[in-house]
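**Student:** please find the sequence and the predicted model below.
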Amino acid sequence: MGPTLGLRPGPATIAVAALLCLLVGVLYLAMQVRTVFSDQVKQEYAGLVLEAADRAASAREQLNIWQRIAGAASGRDPAIIDGYNRARAEFTRRFASLAALVNASPSADLQDPPAKLNADLSPDAAGAALASVSAYWRAQRDAYSSDARVRVTHVAHTLIALAALLFCMLITALGMYAKRNRQLAGQSHEFEHASLHDSLTGLPNRRRLLAALDEAAANARDGAAPSRIAVLYVDLDGFKQVNDSFGHPAGDAFLTRVATCFRASVRKTDLVARIGGDEFAVLVRAFSNEMELADIARRLIGCVVFIDEQMEIGHVRASVGIASYPDAVGDHRRLVAAADEAMYQVKRDGKNGYAFAARAGRTSRTAAM
């Protein structure tokens with residue numbers, strides 16, 4: 001079976017999903033709000049119909065009153081006849097207005113009332129029709145009001161759900177973004193470490209050595225008690241024959257073991273760096289006298305001899321140049337170059353030893369014990 005592909009959505013995927021959910025939620029809310037407004041319009045329309053029905057019923061009552069007055073009065077009193085005619089005209093107008101309003105429904109889902117409205121109906125028939133219309137539209141208004149309340153509740157619940165969903169997605173995206181930043185920071189640290197260290201031995205490289213040298217010189221100048229710093233430049237004598245005779249893997253192993261021994265031979269506050277193929281340097285951040293530096297040089301030379309004998313090579317030794325600041329070299333930026341010059345003086349004098357860089361450019365040499 002093939003490997004299972006793990007789906008690991010990134011912040012961009014989370015953002016797209018959040019936008020899609022937001023879009024769906026907004027569309028649903030728009031539909032609900034539209035329906036709420038539609039129900040509100042229908043509810044207001046039903047209220048207008050009920051008001052018109054009440055006016056028509058009131059006009060009908062007035063017409064009934066005038067009919068009873070006309071029936072009880074003897075003769076044909078012009079005032080009574082005129083009042084009756086006006087009541088009849090008002091009833092007809094109100095009834096026609098109600099019929100027109102009912103027929104002007106704002107929505108197709110509003111059905112015709114159960115009774116037909118006709119101004120020619122008798123007062124008794126008209127009363128029954130008005131009662132039917134009022135009952136029908138009152139029920140419609142209550143139904144619209146109930147639907148509107150339900151939809152408003154749905155809108156509120158949807159808004160809460162959308163807010164919770166977006167909040168969760170935002171927190172998730174922020175968490176993933178923070179995790180990605182930590183990963184990038186870790187990679188950046190790895191790149192920075194690689195740029196400042198030798199890939200074979202793991203020792204600091206020349207760039208890291210020079211930066212540490214600047215820091216040590218600043219601390220030596222600015223400290224409460226001025227101190228001295230020094231650089232020991234180490235070159236392996238005869239190392240080229242290791243690669244030629246035993247191969248590059250053996251040469252790499254020799255350098256790695258020498259680097260390990262060098263680190264174990266100096267203090268934790270000192271820095272051992274590999275600055276070339278078979279060249280190393282040790283930054284001594286503080287020392288008391290030259291005898292202390294000479295002791296370090298002898299230990300470094302002893303490391304090379306020990307690894308050479310352990311690997312049974314038989315001819316690799318070390319030349320060490322020593323330069324100190326500020327007594328021998330006035331500019332700390334020349335420490336590495338001065339120690340390098342002292343190391344070459346050792347090579348010219350027969351190798352396998354150490355020498356100090358003198359203030360006037362002369363070197364004092366001491367052979368390795």
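**Tutor:** Sure thing, it's come through. Small disclaimer: the values here were computed from a predicted structure and weren't measured.

**Student:** average model confidence for the helix ranked longest in the chain?
**Tutor:** Using DSSP state H to define each element, the chain has its longest helix at helix 123-196. Average pLDDT, helix 123-196: 78.

**Student:** cool, and stretch 217-231?
**Tutor:** Stretch 217-231 comes out with an average pLDDT of 81.

**Student:** endpoints of that stretch, how far apart?
**Tutor:** Terminal residues of stretch 217-231 are spaced 11 Å apart (Cα to Cα, to the nearest Å).

**Student:** can you give me how far that stretch is from the chain middle?
**Tutor:** Offset of stretch 217-231 from its chain centre (Cα atoms, centre = their mean, to the nearest Å): 44 Å.

**Student:** could you do stretch 21-37 as well?
**Tutor:** 29 Å.

**Student:** could you do stretch 29-48 as well?
**Tutor:** Centroid displacement of stretch 29-48 relative to its chain, using Cα atoms, centre = their mean, is 42 Å.

**Student:** ok, and what's touching that stretch?
**Tutor:** Taking contacts as Cβ atoms under 8 Å, 6 or more residues apart in numbering, the residues outside stretch 29-48 that touch it are 101, 105-107, 110, 137-138, 140-141, 144-145, 147-148, 151-152, 154-155, 158-159, 162. Where you see a C-beta, it was placed from the backbone N, CA and C, and this is true even at glycine.

**Student:** buried subset of the residues you listed?
**Tutor:** When the contacts of stretch 29-48 are checked for burial by 16 or more other Cβ atoms under 10 Å, the buried set is 101, 110, 137, 140-141, 144-145, 147-148, 151, 155, 162.

**Student:** what's the farthest-apart pair in the residues you listed?
**Tutor:** 101 and 162 (40.0 Å; Cβ to Cβ).

**Student:** any weak-confidence spans in the stretch 201-350 of the chain?
**Tutor:** Counting by pLDDT under 70, the stretch 201-350 of the chain has low-confidence residues at 223-225.

**Student:** isn't there a strand covering residue 281?
**Tutor:** Yes: assessed by DSSP: H, G, I helix; E, B strand; the rest coil, residue 281 belongs to a strand.

**Student:** quick one: residues contacting it.
**Tutor:** When contacts are counted by Cβ under 8 Å, 6+ apart, residue 281 touches 206, 209, 231-234, 272-273, 275, 336, 339.

**Student:** tabulate those residues (a markdown table), appending secondary structure, distance to residue 167 and neighbour count.
**Tutor:** Shown next, in a markdown table, are the contacts of residue 281 (DSSP: H, G, I helix; E, B strand; the rest coil; distance: Cβ to Cβ, whole Å; neighbours: other Cβ atoms under 10 Å):
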| residue | secondary structure | distance to residue 167 | neighbour count |
| --- | --- | --- | --- |
| 206 | helix | 52 | 16 |
| 209 | helix | 52 | 24 |
| 231 | strand | 59 | 30 |
| 232 | strand | 61 | 27 |
| 233 | strand | 62 | 28 |
| 234 | strand | 61 | 26 |
| 272 | strand | 53 | 23 |
| 273 | strand | 52 | 28 |
| 275 | coil | 55 | 20 |
| 336 | helix | 58 | 22 |
| 339 | helix | 62 | 27 |
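
**Student:** now distance to residue 172 too, for the buried ones among the contacts of stretch 29-48, in TSV please.
**Tutor:** Formatted as TSV, the buried ones among the contacts of stretch 29-48 follow (distance: Cβ to Cβ, whole Å):
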residue	distance to residue 172
101	55
110	47
137	52
140	47
141	46
144	41
145	41
147	37
148	36
151	31
155	26
162	15
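
**Student:** closest to residue 261 among those residues?
**Tutor:** Among the buried ones among the contacts of stretch 29-48, residue 162 lies closest to residue 261 (Cβ to Cβ), at 66.4 Å.

**Student:** burial of the closest residue to the closest one other than its chain neighbours, as a residue count?
**Tutor:** Distance criterion Cβ to Cβ, 6 or more residues apart in numbering; nearest residue to residue 162, sequence neighbours excluded, is residue 25 at 4.3 Å. Using other Cβ atoms under 10 Å, residue 25 is surrounded by 17 other residues.

**Student:** now residue 274
**Tutor:** Neighbours of residue 274 (other Cβ under 10 Å): 25.

**Student:** can you check residue 160 too?
**Tutor:** Neighbourhood size, residue 160 [other Cβ under 10 Å]: 10.

**Student:** roughly how far does it sit from residue 154?
**Tutor:** 11 Å (Cβ to Cβ, to the nearest Å).

**Student:** which parts of the stretch 251-369 of the chain are helices?
**Tutor:** 290-310, 335-348 (DSSP state H, counting those that start in this stretch).

**Student:** what comes up buried for the shortest one?
**Tutor:** Right, the one you point to is helix 335-348. Residues of helix 335-348 classed as buried by neighbour count (16+ other Cβ under 10 Å): 335-346.

**Student:** mind checking how far residue 29 is from residue 82?
**Tutor:** Taking Cβ to Cβ, one finds residue 29 at 60 Å from residue 82.

**Student:** compare these two (neighbour count), which wins?
**Tutor:** Each of residue 29 and residue 82 has its neighbours counted (other Cβ under 10 Å); residue 29 has more, 15 against 11.
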